[in-house]
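Colleague: Kindly return the folded structure for what I paste below:
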Amino acid sequence: MARPLKLEIAESEDELKALLRRQKTAQGKERVQAIYLLKLGRVKSVSELAIVLGRNRVTVQEWLAAYRHGGMKGLLTRRRQPGRQGTIPSWAVKALQKRLADPKGFRSYGAVQQWLSDSLGVDVSYMAVYRLVHGKLRAKLKVGKRQSTEQDPERLQQFKSELAGNLNLLKQVFAVPHSSQPRRIRYWCQDETRWSLTTICRRLLSAVGVKPIGNMQWVCEGFWLYGVVEPLCGEQFFYEFSHLDSVCFQQFLHLFAQQYPDEFHIWHLDRASAHIAKRIQPPANVLLLFQPSYCPELNPIERLWQHLKDSLSWQLFADVPALRTTVRQRLTQLTQEVVKSLTGWDYILDALFVAGIS
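Modeller: Here you go, the predicted structure:
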């Protein structure tokens, strides 16, 4: 015959019932339920309680012992199992996390292993590094964003921080004194990209252990696509040319001015030789705002080009007319919402808001 269970329960039935409802885990619920059943007097022994809960008698005894020594707090506090000590000490893991936050990253898991040895004096196996970096820290190899060695990070940040002030100044210059209907000012991002018959390579999805294969052709024939997009509202204007030079760029400026003659336009663009040539004469309603050299990441139209080329990856074209037809189809499918989502970068939209350009 089982011995009667003696346990002093400090909480009332209502308190236990409310506490039971507040539990968010199954482990917490069944532990509070054990005390609640004892409080109601529905079970008289540890064996009966174990049967009702579907738990081993020893497990229930451990719960009750925890309650006796620490009350409800002791009962609900789960002891962490010590487990096996990691091969990489915690201080080294923290240092590695900080190093992984550096955009320069590591070339491989082997490079991480070498860094741990050289910088921290921690010698571990390749598999230990892989399990930590890939499994626990959730870091993985990615395609790096290319950056010129001649880029000046200070000038890049300066362009971003001073954009609102520059736009506000230009707005004052463009303003017509005593005009009842001032002309609207619009901000555009301009660039060119080349399309050729050479296959656009991108990543392919395949099963584990299967190396994907993509058919490739190397043919240089193609054309240049000139474009401007408006990040604020998603408006776009494209035109095809045979070359990237000052003659074609000047013609593109005139075509744009004819298409949008009623507003002032600010073009954000890079310092390509075709853009800064002495022969370039912008139309009266277009002003060119040049970004710092070697900073393509400042121009959101680059992301639009990537979006378009991703959609044509691994496609093979027999000739330039076939390529041209497909590119034109992709351009007609571009909605203003898509363009805004791709080019509406925060630093530009914030500057436009501060300058009062809408």
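Colleague: how about the strands in this structure?
Modeller: 185-196, 222-229, 236-241, 264-269, 286-290 (DSSP state E).
Colleague: Now mean pLDDT too, for the ones you listed, in JSON lines please.
Modeller: Below are those laid out as JSON lines (pLDDT from 0 to 100):
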{"stretch": "strand 185-196", "mean pLDDT": "97"}
{"stretch": "strand 222-229", "mean pLDDT": "98"}
{"stretch": "strand 236-241", "mean pLDDT": "97"}
{"stretch": "strand 264-269", "mean pLDDT": "96"}
{"stretch": "strand 286-290", "mean pLDDT": "96"}
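Colleague: I'd like those strands written out as CSV, with distance to Gln27 and mean neighbour count added.
Modeller: The way it works is simple: take the backbone N, C-alpha and C, and place the C-beta from them, glycine included. CSV is the format used below for the strands of the chain (distance: least, Cβ to Cβ, whole Å; neighbours: other Cβ atoms under 10 Å):
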stretch, distance to Gln27, mean neighbour count
strand 185-196, 55, 20
strand 222-229, 55, 21
strand 236-241, 56, 16
strand 264-269, 57, 21
strand 286-290, 61, 16
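Colleague: do you know how far the closest residue to Trp314 other than its chain neighbours is from Ile357?
Modeller: Computed as Cβ to Cβ, 6 or more residues apart in numbering, the closest residue to Trp314 that is not its neighbour in sequence is Gly214, at 4.8 Å. Using Cβ to Cβ, to the nearest Å, Gly214 is found at 44 Å from Ile357.
Colleague: quick one: which of those two has more around it?
Modeller: Set side by side, Gly214 and Ile357 show more neighbours around Ile357, with 19 against 13, by other Cβ atoms under 10 Å.
Colleague: Now do the closest residue to that one other than its chain neighbours against Phe159, distance only.
Modeller: Distances taken as Cβ to Cβ, 6+ apart put Ile185 closest to Ile357, at 5.3 Å, once the chain neighbours are dropped. According to Cβ to Cβ, Ile185 stands 19 Å off from Phe159.
Colleague: residues in contact with the residue nearest to Ile357?
Modeller: Going by Cβ atoms under 8 Å, 6 or more residues apart in numbering, Ile185 touches Leu170, Lys171, Phe174, Glu263, Phe264, His265, Ile266, Ile357.
Colleague: and with 10 Å instead?
Modeller: Applying Cβ atoms under 10 Å, 6 or more residues apart in numbering to Ile185 gives the contacts 167, 170-171, 174-175, 263-266, 285, 287, 352, 355-358.
Colleague: Quick one: residues in contact with stretch 312-326.
Modeller: 195-204, 212, 214-217, 219, 221-223, 225, 240, 311, 327, 330.
Colleague: Restricting to C-alpha, output that stretch in PDB.
Modeller: C-alpha atoms of stretch 312-326 as PDB (Å, rounded to 0.1, in the frame of the first residue of the first chain):
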ATOM      1  CA  LEU A 312      17.400  36.300 -68.200                       C
ATOM      2  CA  SER A 313      20.000  34.100 -66.400                       C
ATOM      3  CA  TRP A 314      21.000  30.900 -68.300                       C
ATOM      4  CA  GLN A 315      18.900  31.800 -71.300                       C
ATOM      5  CA  LEU A 316      20.500  31.300 -74.700                       C
ATOM      6  CA  PHE A 317      19.700  33.700 -77.600                       C
ATOM      7  CA  ALA A 318      20.400  32.900 -81.300                       C
ATOM      8  CA  ASP A 319      20.900  36.500 -82.300                       C
ATOM      9  CA  VAL A 320      20.700  40.100 -81.100                       C
ATOM     10  CA  PRO A 321      17.100  40.700 -82.300                       C
ATOM     11  CA  ALA A 322      15.900  37.800 -80.200                       C
ATOM     12  CA  LEU A 323      17.700  39.200 -77.200                       C
ATOM     13  CA  ARG A 324      16.300  42.700 -77.900                       C
ATOM     14  CA  THR A 325      12.800  41.400 -78.000                       C
ATOM     15  CA  THR A 326      13.100  39.600 -74.700                       C
END
